[in-house]
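**Student:** sequence and predicted model, in that order:
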Amino acid sequence: MIGKLNHVGVATPSIEESVKLYRDILGATSIGEKFVMEEQGVWVCFVNLPNSQIELIEPYGETSPVRAFLEKNPKGGQHHVCFEVENIEAARDDLVAKGAAVLNGGKPRIGAHGVPVIFVHPKDMGGVLVELMETPTSHP
Ligand SMILES: CC[C@@H](C(=O)O)C(=O)SCCNC(=O)CCNC(=O)[C@H](O)C(C)(C)COP(=O)(O)OP(=O)(O)OC[C@H]1O[C@@H](n2cnc3c(N)ncnc32)[C@H](O)[C@@H]1OP(=O)(O)O
Ligand SMILES: [Co+2]
């Protein structure tokens, strides 16, 4: 079912500080602007790599899903991996049928790439929070 690795989500207390790390220490040459996704409760900034992206995420608002993660990991850390799927509803139904806990009641939200995304609880994914996103080209 899963296709390409689209991005790795990295939680950070400061996108500005993380940008310095990826640009000045790791030498990333293509880094986007920081923007907010209010509904998802995060600030986002993409570090563009030849084969994938690092999605830097910083909490936005009191109910941000990243807030508890940063309380446990104050310096930040790897937060989720995101795989592309051809059809988000079909992927969700398949996972639910296999007993995995799809978050937000299984209702897809529009993610940072403008396509629907779902999250699968880490307890069913070997300790990794998994995001699935519809392949941008297969979304009208
Ligand atoms: C930018 C938009 C979008 C995109 O388009 O790409 C994004 O990526 S937004 C990214 C942020 N959004 C989300 O993470 C939404 C989904 N996440 C959630 O709903 C919650 O964070 C969660 C995964 C359900 C956890 O919330 P909660 O149950 O309230 O937190 P706990 O702290 O109680 O954790 C329970 C349990 O799970 C472990 N955990 C939590 N987060 C992670 C994680 N990122 N990776 C691995 N494990 C995680 C946590 O340690 C607890 O474990 P135990 O202590 O063993 O019970
Ligand atoms: Co993501």
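**Tutor:** Sure, I can see it. Note that this is a predicted model, so its numbers are computed, not measured. Ligands and ions are numbered 1, 2, ... in the order given.

**Student:** can you check which strand is longest in this structure?
**Tutor:** Ranked by residue count, the top strand of the chain under DSSP state E comes out as strand 77-85.

**Student:** quick one: is the very next helix or strand once past it near ligand 1?
**Tutor:** Where DSSP states H and E defines the elements, the next helix or strand beyond strand 77-85 is helix 88-97. No - counting by Cβ under 6 Å from any ligand atom, ligand 1 is not contacted by helix 88-97; separation bottoms out at 12.0 Å. All C-beta atoms are positioned from the backbone trio N, CA, C, and that covers glycine.

**Student:** now for the helix or strand following helix 88-97, which elements pack on it?
**Tutor:** Counting by DSSP H and E, the element after helix 88-97 in chain order, helix or strand, is strand 109-110. Using 3 or more Cβ pairs under 8 Å, 6 or more residues apart in numbering; DSSP states H and E, the elements in contact with strand 109-110 are strand 116-120.

**Student:** show residues contacting the strand it packs on.
**Tutor:** Contacts to strand 116-120, defined as Cβ atoms under 8 Å, 6 or more residues apart in numbering, come from residues 80, 82, 88, 91-92, 95, 100-104, 106-111, 129-134, 139.

**Student:** what residue ranges in the chain score low on pLDDT?
**Tutor:** Along the chain, the parts satisfying pLDDT under 70 run over 138-140.

**Student:** what sits against Glu39?
**Tutor:** Glu39 makes contact with Arg109, Ile110 under the criterion Cβ under 8 Å, 6+ apart.

**Student:** tell me which parts of the protein are close to ligand 1?
**Tutor:** Checking the chain against ligand 1 by Cβ under 6 Å from any ligand atom, the hits are 9, 37, 40, 42, 44, 55, 57, 65-66, 68-69, 79-80, 82, 103, 111-112, 117, 119, 121-122, 127, 129, 131.

**Student:** now the residues you listed: which count as buried?
**Tutor:** Among these, those classed as buried by 16 or more other Cβ atoms under 10 Å are 9, 40, 42, 44, 55, 57, 65-66, 69, 79-80, 82, 111-112, 117, 119, 129, 131.

**Student:** for the longest strand of the chain, packing partners?
**Tutor:** Counting contacts by 3+ Cβ pairs under 8 Å, 6+ apart, strand 77-85 packs against strand 5-11, helix 65-72, strand 130-134.
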